[in-house]
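*Asks:* give me a model of this one.
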Amino acid sequence: MTTSSRRPNPASRGTRRSRRPAPRSATFLERYRNRLLVVGGVLVFAILVGMAFLNGTAPAYACSSLFNPTPAPTFVPPTVEPGTTNAPATQPPPGFVQPDMGHLHVAPGTKVTYANCPPASGKHYIGTGIGPIDGLFHPASDVTVPEGWIHNLEHGAIVLLYSCPGGNGPGCTDAGQQAMQALLPDWPKSPICNIPPGRSLTPVITRFDDMAWPYAALVWDVVLPLQTLDKDAIFNFYATRGERYNQEKQCPDPTPTPGPTPTAGPTPTAGPSGTPGASPAGSAAPAGTAPAAS
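*Replies:* Now for the predicted structure:
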């Protein structure tokens with residue numbers, strides 16, 4: 001038996017070797033995949049943190065303008081001519097009527113733009129502890145928003161605001177904070193429903209910087225600007241304006257009590273206006289109308 005003496009041709013070996021695929025070079029993504037994943041993760045984390053910071057620092061509301069009504073002229077009682085039946089005019093009630101901005105409920109966290117600030121009406125939150133908020137004194141460090149305490153106004157509450165622009169203002173001093181807290185023991189019951197203060201509804205005393213005065217008392221649709229913390233003015237405003245225009249009543253409107261049956265008398269004489277003698281004028285809102293409901 002003979003064995004073949006053929007040996008592989010070196011040229012053929014080189015040919016076979018050359019047919020093997022050359023090693024593939026790794027792509028850029030393959031070489032730096034781990035680093036890119038780390039960098040991408042860091043960027044995503046930074047974006048999320050930035051968004052959370054912006055959401056946390058962005059105001060929960062916006063103001064189109066500051067409410068700054070023209071001061072009412074000094075009231076001078078008119079002179080009633082002797083022998084006439086004209087009733088003397090009464091002094092207009094305190095405060096300025098603000099254009100009504102509606103009373104819709106919105107989801108907590110919704111940013112609302114108010115046409116006037118401080119707003120005495122408008123969209124507001126609903127939820128336990130969110131709206132209405134606690135009716136008590138809120139120190140300057142507490143964060144409250146109109147969307148919360150406007151719901152208190154809707155229920156007939158009074159809100160006393162104090163301004164601390166840049167952390168300054170008479171209401172933000174230790175003495176100012178103590179003076180506002182000192183109002184609470186003397187705070188009267190609500191003028192119509194007789195609700196005592198401190199029942200998680202009224203009064204709300206809280207900081208609000210977006211207004212043109214150091215203090216302001218608010219009921220639904222009416223604002224009383226205050227340059228000083230005037231206890232008598234605030235309580236009179238509450239007695240005169242409170243629980244009259246709010247949308248969600250806490251009790252039925254009072255029914256006028258009829259007086260004694262009048263005794264027949266002479267036919268009334270027409271006054272200068274061409275109508276029988278008028279009764280004394282009531283406490284009407286400025287411009288002759290009560291704030292409009294929406």
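
*Asks:* quick one: the helices in the stretch 151-294 of the chain?
*Replies:* For the stretch 151-294 of the chain, the helices identified by DSSP state H, counting those that start in this stretch occupy 174-183, 231-241, in order along the chain.

*Asks:* go through those helices and pick out the most buried.
*Replies:* Using mean count of other C-beta atoms under 10 Å, the stretch among the helices of the stretch 151-294 of the chain with the greatest mean number of neighbours is helix 231-241 (a mean of 18). Where C-beta positions appear, they are placed from N, C-alpha and C, glycine not excepted.

*Asks:* who does it touch, helix- and strand-wise?
*Replies:* Packed against helix 231-241, as judged by 3 or more C-beta pairs under 8 Å, 6 or more residues apart in numbering; DSSP states H and E, are the following elements: strand 215-219, strand 222-226.

*Asks:* which of the ones you listed is buried the deepest?
*Replies:* A comparison of the helices and strands packed on helix 231-241 by mean neighbour count, using mean count of other C-beta under 10 Å, puts strand 215-219 on top with a mean of 26.

*Asks:* okay, the angle between it and helix 231-241?
*Replies:* An angle of 20 degrees separates the directions of strand 215-219 and helix 231-241 when computed by axes from the mean of the first three to the mean of the last three C-alpha atoms, to 10 degrees.

*Asks:* quick one: low-confidence ranges for the stretch 101-250 of the chain?
*Replies:* Counting by pLDDT under 70, the stretch 101-250 of the chain shows no low-confidence range.

*Asks:* gap between Lys123 and Gln177?
*Replies:* With the distance defined as C-beta to C-beta, to the nearest Å, Lys123 ends up 30 Å from Gln177.

*Asks:* one step back: tabulate the helices and strands packed on helix 231-241 (CSV), appending distance to Pro197.
*Replies:* CSV is the format used below for the helices and strands packed on helix 231-241 (distance: least, C-beta to C-beta, whole Å):
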stretch, distance to Pro197
strand 215-219, 14
strand 222-226, 18
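
*Asks:* for Glu243, which of those strands is the nearest?
*Replies:* Nearest to Glu243 among those is strand 215-219 (7.6 Å), distances taken as C-beta to C-beta.

*Asks:* what residues does that closest one touch?
*Replies:* 95, 118, 120, 153, 156-163, 171, 208, 223-229, 233-234, 237-238, 241-246 (C-beta atoms under 8 Å, 6 or more residues apart in numbering).

*Asks:* what subset of those residues is buried?
*Replies:* A residue is treated as buried here by neighbour count (16 or more other C-beta atoms under 10 Å); on that basis the buried members of the contacts of strand 215-219 are 95, 118, 120, 153, 156-163, 171, 208, 223-226, 229, 233-234, 237-238, 241-246.

*Asks:* who's in contact with the closest residue to Ala179 other than its chain neighbours?
*Replies:* Beyond its immediate neighbours in the sequence, the residue positioned closest to Ala179 (C-beta to C-beta, 6 or more residues apart in numbering) is Leu229, lying 5.5 Å away. For Leu229, the contacting residues are 162, 170-171, 176, 179-180, 183, 215, by C-beta under 8 Å, 6+ apart.

*Asks:* including distance to Pro139, could those go into JSON lines?
*Replies:* As requested, the contacts of Leu229 are arranged in JSON lines below (distance: C-beta to C-beta, whole Å):
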{"residue": "Tyr162", "distance to Pro139": "10"}
{"residue": "Pro170", "distance to Pro139": "15"}
{"residue": "Gly171", "distance to Pro139": "10"}
{"residue": "Gly176", "distance to Pro139": "11"}
{"residue": "Ala179", "distance to Pro139": "13"}
{"residue": "Met180", "distance to Pro139": "9"}
{"residue": "Leu183", "distance to Pro139": "14"}
{"residue": "Tyr215", "distance to Pro139": "15"}
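
*Asks:* looking at those, which one is closest to Pro203?
*Replies:* The closest of the contacts of Leu229, once distances to Pro203 are taken by C-beta to C-beta, is Leu183, at 8.0 Å.

*Asks:* got the contact list for the closest one?
*Replies:* Contacts for Leu183 were tallied using C-beta under 8 Å, 6+ apart; they are 160, 205, 229, 231, 234.

*Asks:* try 10 Å this time
*Replies:* With contact taken as C-beta atoms under 10 Å, 6 or more residues apart in numbering, Leu183 is in contact with 137, 160, 197, 203, 205, 229, 231, 234-235.
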